[in-house]
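Participant: Below is the sequence, then the predicted model.
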2 protein chains.
Amino acid sequence: MKNEKILLVNRPKGAPAKSDFKFEPAAVSELDNGEVLVKTIYLSVDPYMRGRMNDRKSYVPPYKLNEVISGGIVGQVVQSRSAELAEGDFVIGNLGWQKYNTVSDVSVRKLDPSLAPLTTHLGVLGMTGLTAYFGLLDIGNPQEGETVVVSGAAGAVGTIVGQIAKIKGARVVGIAGSDEKTAYLKNELGFDEAINYKTENVFEALKSACPDGVDVYFDNVGGEISDSVLSSINKGARIAICGQIALYNLEKMDVGPRIQSQLLINSALMKGFIVSDYAAHFEEGAVQLAKWLKEGKLSYSENIVEGFEHTVDAFLGLFSGENTGKQLVKVAEPENL
Amino acid sequence: MKNEKILLVNRPKGAPAKSDFKFEPAAVSELDNGEVLVKTIYLSVDPYMRGRMNDRKSYVPPYKLNEVISGGIVGQVVQSRSAELAEGDFVIGNLGWQKYNTVSDVSVRKLDPSLAPLTTHLGVLGMTGLTAYFGLLDIGNPQEGETVVVSGAAGAVGTIVGQIAKIKGARVVGIAGSDEKTAYLKNELGFDEAINYKTENVFEALKSACPDGVDVYFDNVGGEISDSVLSSINKGARIAICGQIALYNLEKMDVGPRIQSQLLINSALMKGFIVSDYAAHFEEGAVQLAKWLKEGKLSYSENIVEGFEHTVDAFLGLFSGENTGKQLVKVAEPENL
């Protein structure tokens, strides 16, 4: 059994680069009582991980240098000394970026592969879907007929945000980075309007896409795109700060128009969040998302790269604005156990 | 009966100037049924009025050019054709900056001068006190042992914010613009620490004044002072945006570090507000403030300029950082009616 892992060997300055990572052979340790050996089937790469690569306070503790990177993984138990998990079981957990992880059975959760495709647990039914669900509904709280704007709209979280906003009866405007993406948002996901920030003047495009102004803004990107959205908010607007991709990769301070006056004039609310703020309510969110998925009200898009050796490229691709939907790496086929 | 009024004759660019205002004689119209003639006793000048002098969307509709400015006034009914208000009654309302206003009796509220000094209705028991009360308690929601920072701390709203935060058991740090003010905050009002932003490095001073970080920030000023506070916030911090004095007077866009990443990393909330957002709860707030005042838990500071002719100077003084507490103009003595 050949194991391999991916280490963080440099803290990126600005955009992460291939040279910040290193592939290395890894041992497979003997199982203790209560432990299982999990073979990685799908591995999730997410924008928030960039924050963990800095050596400073962020959402979650920084990754350690020269140690294996960790993230969401769907795997299969291939050896077990656990009473709870049998060989062949599928599990999800926050595990190392390696082909095999030896872990305590309490650090993973068993999945039923007959209920939904395995990959959905890393996407629409997992942290991605829950991020969209709680950020939009708890902070944004869109009402029927209101206008919701989503940036990074074609990304994993953005696509779900827009669809939930539609379910809630809002007018939904997405901002994304290509004509293919804007067409996808409008034609496949039912967004009312979509703006290509690379070819359109976002400020002007928003004016025509949001004739009644912006009531809710779900912000996945920050920077100048957000400046434009914020200049169009209505009285009582709610802004959920989910990600700031532009910022992850900046070496110097990100400077822009101060937004406090906009919040003041509009009695508007802005709140940052991370999905773990809502951990106590995950069950409720997951049940609702699964229901919508089953009812056909939620579509999801996955971009699956094959091969552990492409993990770093898949991660780097998140920051070039090229991906649509949830970015996953398929590391191995499930085994018949 | 000689009447006089103050008109806005230019929309200020940047800091307001004397030449933006004009004193002019005014007529005293005959009373219709249900109307009263109100003699102005005290007149309130407030920072928010600067926003209304711009011809653009703000808290409240802009003042019209070449028309009388309006604001909070405590006056006395000197003529009445109202069944509700008698000559001699004291009233409060949003009235014109003039010596006499003819108004419908429903547009003012009767005051009982035996319950509290007349001026308190324009300050600690009025919109000023309610602004502090709702902004701090609804948005900031300080808990016992948390650290609350207030900018513009020696101003009318700031002094009340700090005292309410102390009542709630928080550690309170004020930021103000002179050693006299910081001494006043600490020695008279019981603030735990006070920072003079004109002589101290606010960022460094905050670090030592807030060893456990900042949980609540009540922002009356914005700009670089707020940048410093925001760089010290804790996970779950709440920021109430009450005023942005620096901004009122800027001609060009106010630019600074983008704050979204700070809000994101800390799952922090920032909300702008204006006291009228809480109109449905004014009664509750006023009762509580009056109770604290009676119990001696709230001190208030007034700066009273005598003479209608000094109204404009009193208003301009709000922006020079010189005033402490509520700025009022005493226009006339009450009459014995």
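Facilitator: Sure, I can see it. Numbers count the residues shown, from 1 in each chain, chains lettered A, B, ... in the order given.
Participant: Tell me how far A:Lys5 lies from chain B.
Facilitator: A:Lys5 is 28 Å from chain B, where distance means C-beta to the nearest C-beta, to the nearest Å. In this view, the C-beta of every residue, glycine as well, is placed from N, C-alpha and C.
Participant: just checking, that residue touches A:Ser70?
Facilitator: No: if you go by C-beta atoms under 8 Å, A:Lys5 and A:Ser70 don't touch, sitting 10.3 Å apart.
Participant: Find residues that contact each of those two.
Facilitator: A:Gly96, A:Trp97 (C-beta atoms under 8 Å, 6 or more residues apart in numbering or on different chains).
Participant: quick one: which of those two has more around it?
Facilitator: A:Lys5 (20 against 17; other C-beta atoms under 10 Å in any protein chain shown).
Participant: For that one, what is the enclosing helix or strand?
Facilitator: Following DSSP states H and E, one finds A:Lys5 within strand A:3-8.
Participant: Report the buried residues of that strand.
Facilitator: A:Asn3, A:Lys5, A:Ile6, A:Leu7, A:Leu8 (16 or more other C-beta atoms under 10 Å in any protein chain shown).
Participant: for it, packing partners?
Facilitator: strand A:21-26 (3 or more C-beta pairs under 8 Å, 6 or more residues apart in numbering or on different chains; DSSP states H and E).
Participant: which neighbours does the helix or strand just after the strand it packs on have in its sheet, and in what orientation?
Facilitator: As assigned by DSSP H and E, the chain's next helix or strand after strand A:21-26 is strand A:35-44. Strand pairing for strand A:35-44, determined by DSSP bridges: strand A:70-80 (antiparallel), strand A:100-104 (antiparallel), strand A:326-330 (antiparallel).
Participant: With just CA atoms, put the helix or strand following the longest one into PDB.
Facilitator: Heading C-terminal from strand A:70-80, the first helix or strand you meet, by DSSP H and E, is strand A:90-96. As requested, C-alpha coordinates have been extracted for strand A:90-96 and formatted as PDB (Å, rounded to 0.1, in the frame of the first residue of the first chain):
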ATOM      1  CA  PHE A  90     -17.900   5.400   3.100                       C
ATOM      2  CA  VAL A  91     -17.000   8.300   5.500                       C
ATOM      3  CA  ILE A  92     -16.500  12.000   5.400                       C
ATOM      4  CA  GLY A  93     -14.100  14.100   7.500                       C
ATOM      5  CA  ASN A  94     -11.500  16.700   7.700                       C
ATOM      6  CA  LEU A  95      -8.400  14.700   6.800                       C
ATOM      7  CA  GLY A  96      -5.000  15.000   5.400                       C
END
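Participant: Listing partners with orientation, what would you give for strand A:90-96?
Facilitator: Sheet pairing for strand A:90-96, using DSSP bridges, gives strand A:70-80 (antiparallel), strand A:109-111 (antiparallel).
Participant: any idea how far the helix or strand just after the shortest one is from the chain center?
Facilitator: Which is strand A:109-111. For strand A:109-111, the following helix or strand on the C-terminal side (DSSP H and E) is helix A:127-134. Chain-centre distance of helix A:127-134: 8 Å, with C-alpha atoms, centre = their mean, to the nearest Å.
Participant: Helix A:127-134 and chain B in contact?
Facilitator: No: with C-beta under 8 Å from any C-beta of the partner chain as the criterion, chain B is not reached by helix A:127-134; the gap is at least 11.3 Å.
Participant: From the contact counts, what lies against that helix?
Facilitator: By 3+ C-beta pairs under 8 Å, 6+ apart, helix A:127-134 packs against helix A:156-167, helix A:282-294.
Participant: The spatially most central residue of chain A - nearest residue in space that isn't next to it in sequence?
Facilitator: Closest residue to the average C-alpha location of chain A: A:Thr128 at 4.4 Å, with C-alpha atoms, centre = their mean. Spatially, and ignoring its direct neighbours in sequence, A:Thr128 is nearest to A:Ala156 (4.6 Å; C-beta to C-beta, 6 or more residues apart in numbering or on different chains).
Participant: now swap in A:Ser107 and tell me
Facilitator: Excluding the flanking residues, the one nearest A:Ser107 by C-beta to C-beta, 6+ apart is A:Gly93, at 5.6 Å.
Participant: for that neighbour, what are its contacts?
Facilitator: A:Val38, A:Gly72, A:Ile73, A:Gly75, A:Val103, A:Ser107, A:Val108, A:Arg109.
Participant: Closest one of the residues you listed to A:Ile265?
Facilitator: Closest approach between those and A:Ile265, by C-beta to C-beta: A:Gly72, at 40.1 Å.
Participant: what's the distance between the closest one and chain B?
Facilitator: 19 Å.
Participant: Show the pLDDT at the nearest residue to that residue once chain neighbours are set aside.
Facilitator: Leaving aside its chain neighbours, A:Gly72 sits nearest to A:Ser44 (3.9 Å; criterion: C-beta to C-beta, 6+ apart). Looking at A:Ser44, its pLDDT is 96.
Participant: and the gap between A:Val68 and A:Pro12?
Facilitator: Here the criterion is C-beta to C-beta, to the nearest Å. By it, A:Val68 lies 17 Å from A:Pro12.
Participant: Revised request: answer the last question for A:Ser178.
Facilitator: Between A:Ser178 and A:Pro12 the computed distance is 25 Å (C-beta to C-beta).
Participant: When the two are compared, which one has more neighbours?
Facilitator: Applying other C-beta under 10 Å to A:Ser178 and A:Pro12 shows that A:Pro12 carries more neighbours, namely 19 against 16.
Participant: Do I have it right that that one meets A:Asp20?
Facilitator: Yes: look at A:Pro12 against A:Asp20 with C-beta under 8 Å: they come within range, at 4.9 Å.
Participant: hang on, the earlier thing: JSON lines for the strands paired with strand A:35-44, including mean pLDDT?
Facilitator: Output for those, formatted as JSON lines (pLDDT from 0 to 100):
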{"stretch": "strand A:70-80", "mean pLDDT": "97"}
{"stretch": "strand A:100-104", "mean pLDDT": "97"}
{"stretch": "strand A:326-330", "mean pLDDT": "95"}
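Participant: Just the strands from the stretch 101-250 of chain A, written as ranges.
Facilitator: A:109-111, A:147-151, A:171-176, A:193-196, A:214-219, A:233-241 (DSSP state E, counting those that start in this stretch).
Participant: in stretch A:138-145, what's buried?
Facilitator: Going by 16+ other C-beta under 10 Å, stretch A:138-145 has these buried residues: A:Asp138, A:Ile139, A:Gly140, A:Pro142.
Participant: and what of stretch A:304-321?
Facilitator: Applying 16+ other C-beta under 10 Å to stretch A:304-321 flags A:Val305, A:Phe308, A:Thr311, A:Val312, A:Ala314, A:Phe315, A:Leu316, A:Gly317, A:Leu318, A:Phe319, A:Gly321 as buried.
Participant: do stretch A:295-303 as well
Facilitator: A:Leu298, A:Tyr300, A:Ser301, A:Glu302.
Participant: Also stretch A:78-91?
Facilitator: Counting neighbours by 16+ other C-beta under 10 Å, stretch A:78-91 gives A:Val78, A:Gln79, A:Ser80, A:Ser82, A:Leu85, A:Asp89, A:Phe90, A:Val91 as buried.
Participant: Distance-wise, check A:Asp32 relative to chain B.
Facilitator: 35 Å.
Participant: Spit out the contact partners of the closest residue to A:Ala132 other than its chain neighbours.
Facilitator: Among residues not flanking A:Ala132 along the chain, A:Ile160 sits closest, at 3.7 Å (C-beta to C-beta, 6+ apart). Residues near A:Ile160 by C-beta under 8 Å, 6+ apart: A:Val124, A:Thr128, A:Gly129, A:Ala132, A:Tyr133, A:Leu298, A:Tyr300.
Participant: Listing request: residues of the stretch 151-300 of chain A with sub-threshold pLDDT.
Facilitator: By pLDDT under 70, the low-scoring segments of the stretch 151-300 of chain A are A:245-252.
Participant: In this structure the residue nearest to A:Gly72 contacts A:Thr120, no?
Facilitator: No: with contacts defined as C-beta under 8 Å, A:Ser44 does not count as touching A:Thr120, sitting 11.5 Å away.
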